[in-house]
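> after the sequence you'll find the predicted model.
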Amino acid sequence: NAGVTQTPKFQVLKTGQSMTLQCAQDMNHEYMSWYRQDPGMGLRLIHYSVGAGITDQGEVPNGYNVSRSTTEDFPLRLLSAAPSQTSVYFCASSQGQGAYNEQFFGPGTRLTVL
Amino acid sequence: AQKVTQAQTEISVVEKEDVTLDCVYETRDTTYYLFWYKQPPSGELVFLIRRNSFDEQNEISGRYSWNFQKSTSSFNFTITASQVVDSAVYFCALSDAPGGSYIPTFGRGTSLIVHP
């Protein structure tokens, strides 16, 4: 199993550009989520999904969209990039419905917005 | 609402010292789970341990040990005889059970630097 994969690994954008960060998992996990990691701020939840067709907002959803058309994929779209969105983005998945399930993380995407 | 506090932003120790990373949590649920994750300099996030709210037994795994105390809402992590390879950012996380989204809330992390 590849686990959780993310593309690209690095990306530089100009302010106002849009892009999609890709996330895929091959573990048949129901839950998927996107976090951003900023220095001193830990991991903050952007959006999450509890299954195909179901998404919800996390702590910092503004400026981002998500969709979940399949169990495997959970792309994160930046609508109009801003320098405040410079961050490292992690996608995660977990199995089933249960607070006891640990998160499996992708390798991260380092995004810089100029 | 759930909350996780890791008050130590950065800890610096010399190899072979013991070090404890603190984690304090808040939740209104009686059933919940606590986790620790490690993020080494390479950047990936790795699951270390899970604990449920009904099991207050301490856990030991090699040089790592975890102390869960409901009375103080703490879930502290101790590394005995630290090594340079332990240098990483460590995150504590909390996941509620019934009624919650099951998506964990993470603390801000503690950066551990172990000097040779």
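Looks like it arrived, so ask away. Numbers count the residues shown, from 1 in each chain, chains lettered A, B, ... in the order given.

> check the gap between the nearest residue to A:W34 once chain neighbours are set aside and A:Y64 for me.
Ranked by CB to CB, 6 or more residues apart in numbering or on different chains and with sequence neighbours excluded, the top spatial neighbour of A:W34 is A:I46, at 4.3 Å. (Each C-beta comes from the backbone N, C-alpha and C, glycine too.) Separation of A:I46 from A:Y64 (CB to CB, to the nearest Å) stands at 5 Å.

> who has more neighbours out of these two?
Taking other CB atoms under 10 Å in any protein chain shown, A:I46 and A:Y64 do not tie; A:I46 has more neighbours (23 against 19).

> hmm, A:M32 and the more buried one touching each other?
No. The pair A:I46 / A:M32 is not scored as a contact, 11.5 Å apart, by CB atoms under 8 Å.

> which neighbours do A:I46 and A:Y64 share?
Residues touching both A:I46 and A:Y64 by CB atoms under 8 Å, 6 or more residues apart in numbering or on different chains: A:34, A:76.

> which strand residues bridge the most centrally placed residue in chain A?
In chain A, the C-alpha nearest the mean C-alpha coordinate belongs to A:W34, at 2.8 Å (CA atoms, centre = their mean). Counting by DSSP bridges, A:W34 is bridged to A:H47, A:C91.

> wait, it sits on A:R68?
No. Contact between A:W34 and A:R68 fails when scored by CB under 8 Å: they sit 11.0 Å apart.

> list residues touching both of the two?
A:F74.

> now do the buried residues in stretch B:17-27.
B:19, B:21-25, B:27 (16 or more other CB atoms under 10 Å in any protein chain shown).

> and if you look at stretch A:26-37?
A:29-37.

> quick one: end-to-end distance for that stretch.
Across stretch A:26-37, the terminal residues are separated by 24 Å (CA to CA, to the nearest Å).

> cool, and stretch A:104-114?
30 Å.

> now the terminal residues of stretch B:27-46, how far apart.
Start-to-end span of stretch B:27-46 (CA to CA) is 24 Å.

> and the next helix or strand past the helix or strand where B:Y33 lies?
If you go by DSSP states H and E, B:Y33 is part of strand B:32-39. Later in the chain than strand B:32-39, the nearest helix or strand by DSSP H and E is strand B:46-52.

> and the next element down the chain from that next one?
With DSSP H and E, the next secondary element past strand B:46-52 is strand B:59-61.

> what about the buried residues of stretch B:17-27, which are in strands?
In strands, defined here by DSSP state E, the members of these are B:19, B:21, B:24-25.

> list, one by one, the residues from chain A near chain B.
Within chain A, the positions adjacent to chain B are A:31, A:33, A:35, A:40-45, A:48, A:50, A:56, A:58, A:88, A:90, A:92, A:94, A:97-105, A:107-108 by CB under 8 Å from any CB of the partner chain.

> and B:S73, how many neighbours?
17.

> enumerate every residue touching residue 3.
No chain was given, so I picked chain A. A:G3 sits in contact with A:25-27, A:104, A:106, where contact means CB under 8 Å, 6+ apart.

> correction: the question concerned chain B.
Going by CB under 8 Å, 6+ apart, the list of residues near B:K3 reads B:25-27, B:94, B:105.
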